[in-house]
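K.L.:
sharing a model that was predicted from the sequence below.
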Amino acid sequence: MDRPVTVEQYKAAMVLSGAGDALGYRSQLWEFCKSGPAIHKELQELGGLKNIKVQLPSWPVSDDTVLHLATAEGLATDKTDEDLLHEVAARYVEGMKDMDGRQPGLTTCRAVFQLRPGLKGGYRVPYNPRGAGCGAAMRSMCIGLRYPSPAQLSSLVAVAVETGRMTHNHPTGFLGAVASALFASYAAQRRPITTWGLGLINEACPIARKFVQDRGFAVEETERDWSYFCDKWQWYLDQRGISNGEGPVVWPSAYGPAERDKIYKTFSLSGWAGACGHDAPMIALDALLGAGSDWEELMSRAAFHGGDSDSTAVIACCCWGLLYGTEGVPEGNYSNLEYRYRLERCAEQLYALSH
């Protein structure tokens, strides 16, 4: 695991994130199923993960991958500063035309309708006290592919905050974008997974807070609602015994599909596990910690649960692809994935720009 990340692993990250999304979504059937055991039962009836061929029409990607592609293709233009933000905003507007049957979130729909890319400040929307959902987290892993090195952390945070709050202008929402981007960069750096949560709280969040203050936009409201995200993450690290970044990881005595449904709910703000900016990357990290290099175990934990299963899977699978490539992944799970070639092209462009 100490080998430098390759372009093939970048491609695996983008493609497997889409595969995880399509599998966790299952054309709305599994994203909105509230029972992990029921999903696992249906999975077995389909012949298990090895026998699933992820392709249209049964296994489309959801809004998560469409908007992850929008972020990635914006970043791949190599624009910077405000030009980049207008570019990404324009791609979010364009991406919303490709939402038939993909179930975009209401917060995202309302916010993108307010974006005015190209006009002064047109990439910003007003503060949203209800904007804590995972819509920014699920589309931001590629930011970590564009800015993978420790020296680029401030750029990663700046882009994640500003693109995140294009739709989720609330710290619980846009810090989810920071978490997803950060975890992808840590995967590229080969940082031990037990350190990722600590790095989020101690390294990235303070930079994000100062960035918001320095930008001078919605500072008072953001400060008021800031603490929940970091407090909940500290709680999670304490639960897992990794608040020192080392472990050993502490797991519940029983942690199968039924137990995970209950425990993932304790991560959540609303009772729908993985639906917010803090707990979508939290469940993704939990799955990465528990699965190691086992793709089936990763999917069991990240994609097949009674919460926002495509959003947790899209994050986990992107990081997993960076770590392990496509080794051990059934080819049918990704070879005919919708938008596979766009995802691979983005990966190649981001790899070139990041190196």
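P.N.:
Yep, it's here. Numbers count the residues shown, from 1 in each chain.

K.L.:
helix, strand, or coil at Arg191?
P.N.:
Secondary structure assignment for Arg191 (DSSP: H, G, I helix; E, B strand; the rest coil): coil.

K.L.:
what is the neighbour count of it?
P.N.:
Arg191: 17 surrounding residues under other Cβ atoms under 10 Å. The way it works is simple: take the backbone N, C-alpha and C, and place the C-beta from them, glycine included.

K.L.:
next, the contact list for it, please.
P.N.:
With contact taken as Cβ atoms under 8 Å, 6 or more residues apart in numbering, Arg191 is in contact with Gly199.

K.L.:
Leu322: which element?
P.N.:
helix 309-324 (DSSP states H and E).

K.L.:
for that helix, packing partners?
P.N.:
Packing contacts for helix 309-324, counted by 3 or more Cβ pairs under 8 Å, 6 or more residues apart in numbering; DSSP states H and E, involve helix 7-25, helix 63-75, helix 141-146, helix 171-189, helix 279-291, helix 295-302.

K.L.:
name the helices or strands packed onto the fifth one?
P.N.:
I take that to be helix 279-291. The elements that helix 279-291 packs onto, with contact taken as 3+ Cβ pairs under 8 Å, 6+ apart, are helix 171-189, helix 227-240, helix 257-267, helix 295-302, helix 309-324.

K.L.:
distance to Ala258 added to the helices and strands packed on helix 309-324, as a markdown table?
P.N.:
Output for these, formatted as a markdown table (distance: least, Cβ to Cβ, whole Å):
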| stretch | distance to Ala258 |
| --- | --- |
| helix 7-25 | 18 |
| helix 63-75 | 25 |
| helix 141-146 | 29 |
| helix 171-189 | 26 |
| helix 279-291 | 16 |
| helix 295-302 | 12 |
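
K.L.:
nearest to Leu153, of these?
P.N.:
With Cβ to Cβ, the closest approach to Leu153 among those belongs to helix 171-189: 7.7 Å.

K.L.:
with adjacent residues omitted, what lies nearest to Val219?
P.N.:
Nearest non-adjacent residue to Val219, counting by Cβ to Cβ, 6 or more residues apart in numbering: Gln213, 5.6 Å away.

K.L.:
and the one you found, how far from Leu182?
P.N.:
Here Gln213 is placed at a distance of 19 Å from Leu182 (Cβ to Cβ, to the nearest Å).

K.L.:
which of those two has more neighbours?
P.N.:
Neighbour comparison, Gln213 and Leu182: the larger count goes to Leu182, with 30 against 12 (by other Cβ under 10 Å).

K.L.:
these two touch, right, the more buried one and Leu145?
P.N.:
No - using Cβ atoms under 8 Å, Leu182 makes no contact with Leu145, being 11.8 Å away.

K.L.:
after the helix holding Leu322, heading C-terminal, what element do we hit next?
P.N.:
helix 340-354.

K.L.:
what lies in contact with that following helix?
P.N.:
With Cβ under 8 Å, 6+ apart, helix 340-354 has contacts from 7, 10-11, 13-15, 17-18, 65, 69, 72-73, 75-76, 78, 142, 145-149, 334, 337.

K.L.:
please check those residues and keep the buried ones.
P.N.:
Those of the contacts of helix 340-354 that meet the buried threshold are 10-11, 13-15, 17-18, 65, 69, 72-73, 75-76, 142, 145-148, 334, 337, by 16 or more other Cβ atoms under 10 Å.

K.L.:
tell me the angle of the helix holding Leu322 relative to helix 279-291?
P.N.:
Angle of helix 309-324 versus helix 279-291, following axes from the mean of the first three to the mean of the last three Cα atoms, to 10 degrees, is 50 degrees.

K.L.:
in helix 309-324, which residues are buried?
P.N.:
Buried residues in helix 309-324 (16+ other Cβ under 10 Å): 309-324.

K.L.:
same question for stretch 30-42.
P.N.:
Those would be 30-31, 33, 36, 39-40, for stretch 30-42 by 16+ other Cβ under 10 Å.

K.L.:
inside helices: which ones of these?
P.N.:
36, 39-40 (DSSP state H).

K.L.:
list just the nearest of these to Trp59.
P.N.:
Closest to Trp59, out of all of these and judged by Cβ to Cβ, is Ile39, at 14.2 Å.

K.L.:
what about the closest one, distance to Arg260?
P.N.:
Applying Cβ to Cβ, the value for Ile39 to Arg260 is 11 Å.

K.L.:
give me the common contacts of those two.
P.N.:
Among the neighbours of Ile39, those also in contact with Arg260 (Cβ under 8 Å, 6+ apart) are His305.

K.L.:
give me the neighbour count for the residue lying closest to Trp59 once chain neighbours are set aside.
P.N.:
Once flanking residues are discounted, Trp59 sits nearest to Ala22: 4.5 Å by Cβ to Cβ, 6+ apart. By the criterion of other Cβ under 10 Å, Ala22 has 30 neighbours.

K.L.:
tell me the contacts of Ala22?
P.N.:
Contact partners of Ala22, counting by Cβ under 8 Å, 6+ apart, are 54, 59-62, 65, 310, 337-338.
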